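K.L.:
Need coordinates for the following:
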Amino acid sequence: MSEKRVYGYRGRALVVDLSSHGHWVERLDLADLVALVGGFGVNKLLFRKFFEAGSSPLDPGNPLVLGAGPLVGFPVPGACRAMADCRLPASGALSSCSCSMGLGLALRRAGFDHLVILGRAPALSVLLVEGQARVDLLPASGLAGRGTVETNAALRRSFPRSSVLCAGPAGENLVHTSICMVDGCSTLGRGGLGAVLGSKNLKAICVSGEESPEAFDERALRGELEGLAERRRRWPLADATRRLGMMVAWPLYFRQLGNLAPSEEEREDLFQAFGPEAYLALKSRRIACPRCFLPDKDELMLPGRDVRVRSTSFLNSAILGCLSGFRKAEDAAWALHRLDDLGLDFMAISAQALFLWEMGKDGLVSTGEVEGLPLGDRAELLLELAERVAWRRGRIGEAFSRGWRGVKELFGEEVERRVPLVRDTECIYDPRISGLGTMEFEQLLSPRGPASASGGSPTYIPGMERDRMRRLTERMGADAGALERIFPEPGGFNVGRLTRYAEDWFSLFSSLGLCNRHQINRLYHVELLTRLYRSVTGERMDTGELLESASRAWGLYRDLNDALGRGKQADRVPEAWFGGGPWFARGLPVLDYYGRELSREDVERLLLDYYEERSRPRLSSMEARNDFPIGGEER
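P.N.:
Just a heads-up that it's a prediction; the model follows:
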C-alpha cells in the first residue's frame with residue numbers, strides 16, 4: 001500500500017548517533033505534526049524520545065534537536081526560522097532557541113523537518129548532511145581553536161551550497177555563555193549551545209539539499225502572498241526600514257540604554273555616537289535571510305581597521321557600545337565581531353564585565369584581586385574578560401566560564417543584589433526603565449531563562465493606547481472572555497494574563513517557522529496564519545484549533561522542564577529589581593507599562609494571574625503524559 005501523500009511537511013527526522021557514527025531516518029506521525037504544528041512543538045517530542053534519564057547538559061545523553069516548521073521553504077515573508085532544543089548549561093533547562101539565515105531552509109530542502117544529534121564523536125568533527133544521499137562525519141582537527149568567522153569561511157569554500165552552524169573557541173572549551181553562529185551572521189543558543197556542540201565533539205554542522213516541499217493549494221497560497229505584499233507596501237515605516245534596517249527601532253532601544261548617560265548632554269552624545277547616522281557611515285550592505293523582505297543583518301566597513309565584517313546587526317553593536325563604554329561605533333562593531341568570532345553571547349559577557357566594573361568602581365574589588373583585569377575601562381575590560389572566558393584562562397576565566405553560577409562562587413550575594421537574574425541568566429529588559437510589558441514580565445517565566453519569547457506582543461511599542469493594544473491582542477487570538485480579563489475596566493491591562501497569549505503567539509510563529517520580529521509579525525493575524533497553514537498542508541484546521549496546537553506546544557515545553565526540576569519552581573522576581581543594581585537603574589521603582597509604580601507583591605500577584613490564565617481550558621492530551629524521566633545535575 002502506498003503512503004499517504006503529505007503536503008507542507010517532509011514527514012521525516014534525520015537521527016545521527018555520533019558515538020556509533022550511525023544514522024537513520026525516523027518517520028514522523030502526521031497526527032503529531034498537526035497536533036503541535038511543527039518546528040518548536042515537534043522538537044519537544046523528539047527531545048523527550050531521545051533524552052537519556054539523568055543526563056546533564058554536557059553529557060552525551062542530552063540530544064540536540066534542530067527543526068523547521070511547515071512554512072519554511074515557501075515564499076512566505078519571514079519563513080526562515082529554525083529552532084534548536086536541548087538542555088543548556090547556563091540554566092540547566094530544556095531550552096528552545098531560534099536562528100535565522102539558511103539553516104531551516106537547508107534542512108527542509110535536504111528532505112527533513114528535523115535533525116536529531118545524539119552521543120559524542122570520538123574526535124572533533126564536522127557533521128555533513130547533503131540531502132538524503134550523504135550523511136557523513138568528517139574530521140575537523142584543522143579547525144580546532146578557530147573562530148566562527150574562519151570556520152564558516154572554510155566550510156563554505158568546501159561545501160558552497162551548505163548552511164553552516166558552527167561553534168567558536170568558547171564552545172570547544174565548554175563555556176556556559178557560548179553561542180553558535182549560523183552562516184556567519186546569525187546567533188543561536190544564548191545560554192551555552194556552543195558548549196553542547198563542544199561536548200559532542202562537533203565543531204560544525206553543514207546542511208544542504210535541493211528538494212523543495214510541495215504545497216497543497218498553490219493557487220490559494222499565491223493569493224495570500226499577494227495580499228501580504230500589498231500590506232508590506234502600505235506599511236508607513238517601509239521606506240525608513242529599507243534605509244535603516246533594524247536601526248529604525250533605535251529610539252525604542254535607546255529608551256533603556258540612554259540611562260547609561262549621567263546627564264542629558266551626554267545622553268544626546270550617546271544617541272548620536274551609535275545612532276542611524278553612525279550606522280550609515282559604516283554600512284556596506286545589508287544581508288537578508290531567505291524569504292525575508294527585511295534585511296536585518298549587516299556587512300560593515302570599518303575604515304580604521306581596513307576590514308569588512310559581517311554582523312548580526314549594527315543594532316547589537318550599538319547596544320554593546322552603550323553598555324560597555326565604547327566611544328566610537330566602529331570600535332563597538334569590531335568588539336561585537338570579536339565576541340561572535342569567539343562564540344560568546346554578547347549580552348552575557350557584557351553584563352559580566354559591567355558587574356566587575358561596578359564592583360571595582362565601588363571599591364569592592366581591586367585590579368590585583370581579578371588578576372590584572374583593567375577595572376577602570378569598561379571597553380577594555382570587556383575585551384580582556386572575553387578572551388579569558390573563551391579560553392578559560394586563570395581563576396577569573398575559569399569561574400566566569402561557568403556563567404553566573406561561577407561568578408556567584410567568587411562574589412557571593414553581591415551578584416544577586418546587583419544583577420537581575422532568573423534561572424542563573426541575566427535579564428535583558430529592565431522594567432524600571434522600560435515598564436513591565438510582556439517582554440519584561442516573561443523573563444520571569446521563560447523555561448530557558450530571560451529571552452524574547454514574547455517580543456511579538458503589542459507592548460514592544462511604548463506608549464500604545466489601550467484600545468489599539470486590545471485590537472492587537474485580539475489579532476494574536478485572544479477571545480472575548482480573555483480580552484475582558486486582560487483589559488478590565490477602568491484603564492490599564494493585566495500583563496500576567498496578556499503574557500499567556502504573547503507566549504502562544506511566539507509558539508505559533510516558531511512552530512510554523514516564521515520569524516517573530518515585530519516588523520514581520522505585524523503583518524500577520526491569526527486568521528491569515530490559519531489560511532496559510534491550510535494552503536500549505538491541506539489540514540483543515542480552524543483558527544481555534546491552530547491556537548490550541550500552539551498553546552499545547554508551549555505547555556509541553558513547560559511540562560518537560562517541570563520534570564527536569566526547572567519549571568514553575570524556578571520562577572522568581574529578581575532581588576536586583578527592588579533596591580539593587582545595575583547602577584544605571586538603581587534606586588528607580590519598577591513601573592508598569594503606563595509608568596505606574598509596582599511593588600514586589602504586585603509583580604508576584606501578576607505571576608498568579610498568569611498561571612490562572614494558563615490553567616484555562618486547552619487541549620491537553622499530550623501534556624497529561626507522566627512518563628518523562630527526571631534529569632540529573634549539571635557539571
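K.L.:
So, low pLDDT: which residues of the protein?
P.N.:
Applying pLDDT under 70 to the chain flags the ranges 1-4, 454-455, 618-635.
K.L.:
So which bits of the top helix by length along it are buried?
P.N.:
As assigned by DSSP state H, the longest helix anywhere in the chain is helix 543-563. Of the residues in helix 543-563, 543, 546-563 count as buried by neighbour count, 16 or more other CB atoms under 10 Å. C-beta coordinates here come from the backbone N, C-alpha and C atoms, glycine included.
K.L.:
which secondary structure elements does it contact?
P.N.:
Applying 3 or more CB pairs under 8 Å, 6 or more residues apart in numbering; DSSP states H and E, we find helix 543-563 packed against helix 30-36, helix 39-50, strand 94-99, helix 495-512, helix 526-537.
K.L.:
I'd like those written out as CSV, with mean neighbour count and distance to Leu342 added.
P.N.:
Listed next are these as CSV, based on neighbours: other CB atoms under 10 Å; distance: least, CB to CB, whole Å:
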stretch, mean neighbour count, distance to Leu342
helix 30-36, 18, 35
helix 39-50, 26, 27
strand 94-99, 27, 18
helix 495-512, 28, 27
helix 526-537, 21, 38
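K.L.:
As JSON lines, the ones you listed with distance to Gly131 would be great.
P.N.:
Listed next are the helices and strands packed on helix 543-563 as JSON lines, based on distance: least, CB to CB, whole Å:
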{"stretch": "helix 30-36", "distance to Gly131": "21"}
{"stretch": "helix 39-50", "distance to Gly131": "20"}
{"stretch": "strand 94-99", "distance to Gly131": "21"}
{"stretch": "helix 495-512", "distance to Gly131": "24"}
{"stretch": "helix 526-537", "distance to Gly131": "21"}
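K.L.:
and Gly360, which of those is closest to it?
P.N.:
Of all these, strand 94-99 sits nearest to Gly360, with 32.1 Å by CB to CB.
K.L.:
which stretches of the stretch 51-200 of the chain form helices?
P.N.:
103-109, 148-158, 169-172, 193-199 (DSSP state H, counting those that start in this stretch).
K.L.:
Would you convert the ones you listed into a markdown table that also reports mean neighbour count and distance to Glu474?
P.N.:
As requested, the helices of the stretch 51-200 of the chain are arranged in a markdown table below (neighbours: other CB under 10 Å; distance: least, CB to CB, whole Å):
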| stretch | mean neighbour count | distance to Glu474 |
| --- | --- | --- |
| helix 103-109 | 28 | 29 |
| helix 148-158 | 19 | 42 |
| helix 169-172 | 27 | 43 |
| helix 193-199 | 29 | 35 |
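K.L.:
These: which one's closest to Gly184?
P.N.:
Of all the helices of the stretch 51-200 of the chain, it is helix 148-158 that lies closest to Gly184, at 4.3 Å by CB to CB.
K.L.:
which strands and helices sit next to that closest one?
P.N.:
Against helix 148-158 (3+ CB pairs under 8 Å, 6+ apart) you get strand 163-167, strand 180-182, strand 202-208, helix 329-342.
K.L.:
need those in CSV with distance to Asp306 and mean neighbour count, can you?
P.N.:
What follows is the helices and strands packed on helix 148-158, written out as CSV (distance: least, CB to CB, whole Å; neighbours: other CB atoms under 10 Å):
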stretch, distance to Asp306, mean neighbour count
strand 163-167, 26, 30
strand 180-182, 23, 29
strand 202-208, 28, 26
helix 329-342, 11, 23
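K.L.:
would you turn these into a markdown table with distance to Ser95?
P.N.:
As requested, these are exported to a markdown table (distance: least, CB to CB, whole Å):
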| stretch | distance to Ser95 |
| --- | --- |
| strand 163-167 | 16 |
| strand 180-182 | 13 |
| strand 202-208 | 18 |
| helix 329-342 | 20 |
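K.L.:
thinking again about what came up before, compare the helices of the stretch 51-200 of the chain and give me the one nearest Phe47.
P.N.:
helix 193-199 (12.3 Å).
K.L.:
Would you mind listing the outside residues contacting the closest one?
P.N.:
Outside helix 193-199, the residues within contact range by CB atoms under 8 Å, 6 or more residues apart in numbering are 57-60, 62, 64, 84, 86-89, 97, 120, 166-168, 170-176, 178-180, 189, 203-204, 343.
K.L.:
ok, of those residues, which come out buried?
P.N.:
Among the contacts of helix 193-199, those classed as buried by 16+ other CB under 10 Å are 57-60, 62, 64, 84, 86-89, 97, 120, 166-168, 170-176, 178-180, 189, 203-204, 343.
K.L.:
Gly227 is nearest to which of the helices of the stretch 51-200 of the chain?
P.N.:
Comparison of the helices of the stretch 51-200 of the chain against Gly227 by CB to CB identifies helix 103-109 as nearest, at 22.9 Å.
K.L.:
Residues in contact with the closest one: which ones?
P.N.:
10, 39, 66-69, 72-73, 80-82, 113-115, 129, 131, 162-163, 165, 182-183, 188, 207-213, 290-291, 513.
K.L.:
on that earlier part again, turn the helices of the stretch 51-200 of the chain into TSV, columns for distance to Glu277.
P.N.:
Formatted as TSV, the helices of the stretch 51-200 of the chain follow (distance: least, CB to CB, whole Å):
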stretch	distance to Glu277
helix 103-109	33
helix 148-158	27
helix 169-172	33
helix 193-199	34
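K.L.:
just so I know, which of these lies nearest Arg27?
P.N.:
helix 103-109 (16.2 Å).
K.L.:
Could you check how far the closest one is from the centre of its chain?
P.N.:
Its chain's C-alpha centre and that of helix 103-109 lie 18 Å apart, by CA atoms, centre = their mean, to the nearest Å.
K.L.:
ok, now stretch 386-398?
P.N.:
On CA atoms, centre = their mean, the centre of stretch 386-398 falls 25 Å from the chain's centre.
K.L.:
repeat for stretch 370-385
P.N.:
Mean-position distance between stretch 370-385 and its chain equals 28 Å (CA atoms, centre = their mean).
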